[in-house]
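Student: here's a sequence, model it:
(chains A and B)
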Amino acid sequence: MPNTSKGTLYRGREGMWSWVAHRITGIAIFFFLLVHVLDTAVVRVSPEAYNAVMSVYKNPIMGAGEAVLVAAIVYHAFNGIRIILIDFWKNGARNQKGMLWGVLVLWAVVMIPFIIRHAMLVFGGH
Amino acid sequence: MATPLKTKISVPRSRDHSISGVKYNRSSSKRNNFEMAAWLYMRISGVLLVVLIFGHLFVNLMMGEGVHRIDFGFVGGKLANPFWQVWDLLLLWLAMLHGTNGMRVIIDDYAEKDGVRFILKVALFLASAFVILLGTLVIFTFDPCPAGADPELLASFCAAP
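Tutor: Down below sits the predicted model:
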């Protein structure tokens, strides 16, 4: 990167890639949200119809999809808090890189127990 | 600044704000703070959504038998409780508006043709309005114990006929 880019938070390296990941996870979560409201709306059709739709979510392939979705949500949530701190905390911009590592550590701390429990539930034996 | 002015990207405006032949369209002449309100909304709703969604995911995926527990009876039990009705209603509105505004910003960033941008935004706003209204309708009109349904499939509080 040329020196002229110094001081820009969102161009290159951690600042940019965290922003790219925030967009991609945001888009994915939005499209899931549209589908999720529609599948929940089937409760107004009949108990049988709703249970049939929900059985789709219970197969292991969808279980893996749920894990990916939760991974995206947890990243988007923690990185969103990092963005708020960058904007509102006076030392936020200076510490953006360190806070990104904090986001990734917290992400792992939440995701590891989640994946273990979710996998146990999806594959039975709960 | 390292970033040169990109004169080729035309932004549709009723009039350009130009000084000495240079367009300064970022300082809009429009007399409203919509973009600042949207920016602020993303941050306020974001904080609330972290709490609401983490709670939603914990109750629906981590407690009990997780995803295997979710069926009509489970949702009936939840949505019969005003606490979860309010929770889900807040989730629906805050998340849909947060997501819709995010998609609006992304469309503005990447769709350079006026017509394409317009069509994408119309599609986005129609889809969002439909989903928000449908979800709201479901939360307020949902009957956990529909007449004539198989009692085996309903929440335990639905009295047997």
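Student: phi, psi of the residue of chain A found nearest chain B?
Tutor: Nearest residue of chain A to chain B: residue A:121, at 3.4 Å (Cβ to the nearest Cβ). C-betas here are computed from N, CA, C, even on glycine. Per-residue torsions, residue A:121: phi -70, psi -40 (degrees, to the nearest 10).
Student: hang on, it packs against residue B:60?
Tutor: No: contact between residue A:121 and residue B:60 fails when scored by Cβ atoms under 8 Å: they sit 11.1 Å apart.
Student: can you spell out which helices and strands pack onto the lowest-mean-pLDDT helix or strand in chain A?
Tutor: Least confident helix or strand, chain A: helix A:47-57 with a mean of 90, by mean pLDDT, DSSP states H and E. Under the contact definition 3 or more Cβ pairs under 8 Å, 6 or more residues apart in numbering or on different chains; DSSP states H and E, helix A:47-57 sits against helix A:13-41, helix B:72-79.
Student: can you show me the CA trace of that helix as PDB?
Tutor: This file holds the C-alpha atoms of helix A:47-57, laid out as PDB (Å, rounded to 0.1, in the frame of the first residue of the first chain):
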ATOM      1  CA  PRO A  47     -50.000 -27.500  12.400                       C
ATOM      2  CA  GLU A  48     -49.300 -30.300   9.800                       C
ATOM      3  CA  ALA A  49     -48.000 -27.800   7.200                       C
ATOM      4  CA  TYR A  50     -45.800 -26.100   9.700                       C
ATOM      5  CA  ASN A  51     -44.300 -29.300  11.100                       C
ATOM      6  CA  ALA A  52     -43.600 -30.500   7.500                       C
ATOM      7  CA  VAL A  53     -41.700 -27.300   6.800                       C
ATOM      8  CA  MET A  54     -39.800 -27.500  10.100                       C
ATOM      9  CA  SER A  55     -38.700 -31.100   9.400                       C
ATOM     10  CA  VAL A  56     -36.600 -29.700   6.600                       C
ATOM     11  CA  TYR A  57     -34.600 -27.700   9.100                       C
END
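Student: report the secondary structure state of residue A:64.
Tutor: helix (DSSP: H, G, I helix; E, B strand; the rest coil).
Student: what's the spacing between it and residue A:58?
Tutor: Relative to residue A:58, residue A:64 is positioned 12 Å away (Cβ to Cβ, to the nearest Å).
Student: fine, thanks again, bye for now.
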